[in-house]
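S.K.: this one's structure only:
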């Protein structure tokens, strides 16, 4: 990253985002005694991922466990099945990684284009 002249703060944020993708991917689920999906892996995984992403920890955890809908001003929560929770976990990790990769490619292209312009002067 130093050779590409990335801002050190950007590099730190990039690494935090990558860490959050790995932490999310390590999250597992099971059913509690009421047959409701819950996080079965170490709860610290999502707590740390939420901290890296700078989002509310409780809201972040709930987005893996339930869907929320608003109809006529009334809010409804529907628990995910185990399969839905796992699929949602994978989709969230993939979306973060995809956006991060896109940002990285854009930054590299910008830096290389700026270097090319400077070189031709």
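M.R.: Yep, it's here. Because the structure is a prediction, the values reported are computed rather than measured. Numbering: from 1, shown residues only.
S.K.: when you work out contacts or count neighbours from here on, use the C-alpha atoms and nothing else.
M.R.: Will do.
S.K.: which other helices and strands does the longest helix along the chain contact?
M.R.: Using DSSP state H, we find that the single longest helix of the chain is helix 82-120. Applying 3 or more CA pairs under 8 Å, 6 or more residues apart in numbering; DSSP states H and E, we find helix 82-120 packed against helix 8-25, strand 29-31, helix 57-65.
S.K.: tabulate those (a markdown table), appending mean pLDDT.
M.R.: Formatted as a markdown table, those follow (pLDDT from 0 to 100):
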| stretch | mean pLDDT |
| --- | --- |
| helix 8-25 | 94 |
| strand 29-31 | 95 |
| helix 57-65 | 94 |
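S.K.: to residue 51, which of these lies closest?
M.R.: Closest approach to residue 51 among the helices and strands packed on helix 82-120 (CA to CA): helix 57-65, 7.3 Å.
S.K.: got the buried residues for the helix or strand following the closest one?
M.R.: As assigned by DSSP states H and E, the chain's next helix or strand after helix 57-65 is strand 66-71. Under the neighbour-count criterion of 16 or more other CA atoms under 10 Å, strand 66-71 has residue 66 buried.
S.K.: with stretch 100-117 instead?
M.R.: Applying 16+ other CA under 10 Å to stretch 100-117 flags residue 108 as buried.
S.K.: next one: it to chain centre, how far?
M.R.: Its chain's C-alpha centre and that of stretch 100-117 lie 22 Å apart, by CA atoms, centre = their mean, to the nearest Å.
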